[in-house]
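> Could you work out the structure for the sequence below:
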Amino acid sequence: MMSDSNNVHLEDLCSVIRSKNAGPFLITLDIIFRDSSSYYAIKDNNLITKGTISEVYNISESEVVVLEHIDSLHAIKATLKRHYPSGSPGDTDVYGMNQEGPLLQLTFPLSIFD
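A predicted model of the protein is given here:
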């Protein structure tokens, strides 16, 4: 794991961090962890929540429509309301495929992985 003093970056814990359309009005974020121990450390310590997602995306918590844990895949899925419908004037990402960037700023204390 890459670390920043006493923290580890989300991207170092995951095999996949991606976004995609979930219809014309929603974007889904997929966070798929490399292993079960990293996934459960984050899940059991409640470190990725609707509040976490709303904070890094600078949106209200009500705009995070769904946040679910998928234990069998070691994944967290969050669904956000789009600011503009896909393909409408003002939309800069028709496919919703380039919206995972804010997640990459998330870091977690190394101590939770002991």
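> hey, let's count contacts and neighbours off CA atoms from now on
Will do.
> Please pull up the helix or strand immediately following the lowest-mean-pLDDT helix or strand in the chain.
When the helices and strands of the chain are scored by mean pLDDT, DSSP states H and E, strand 3-4 comes last with a mean of 56. Using DSSP states H and E, the helix or strand that follows strand 3-4 towards the C-terminus is strand 7-9.
> What strands line up against that following strand, and which way round?
Sheet pairing for strand 7-9, assigned by DSSP bridges, gives strand 3-4 (antiparallel), strand 107-109 (antiparallel).
> any idea how far it is from the chain center?
For strand 7-9, the separation from the chain centroid amounts to 15 Å (computed by C-alpha atoms, centre = their mean, to the nearest Å).
> For the protein, which segments count as helices?
Remark: helices assigned in the chain by DSSP state H are 10-13, 36-44, 50-57.
> roughly how far out does the last one sit from the chain middle?
On the basis of C-alpha atoms, centre = their mean, helix 50-57 is displaced by 9 Å from the centre of the chain it belongs to.
> And the contacts of it?
Contact partners of helix 50-57, identified using C-alpha atoms under 8 Å, 6 or more residues apart in numbering, comprise 60-61, 63-64, 66-67, 78, 102-103, 105-106.
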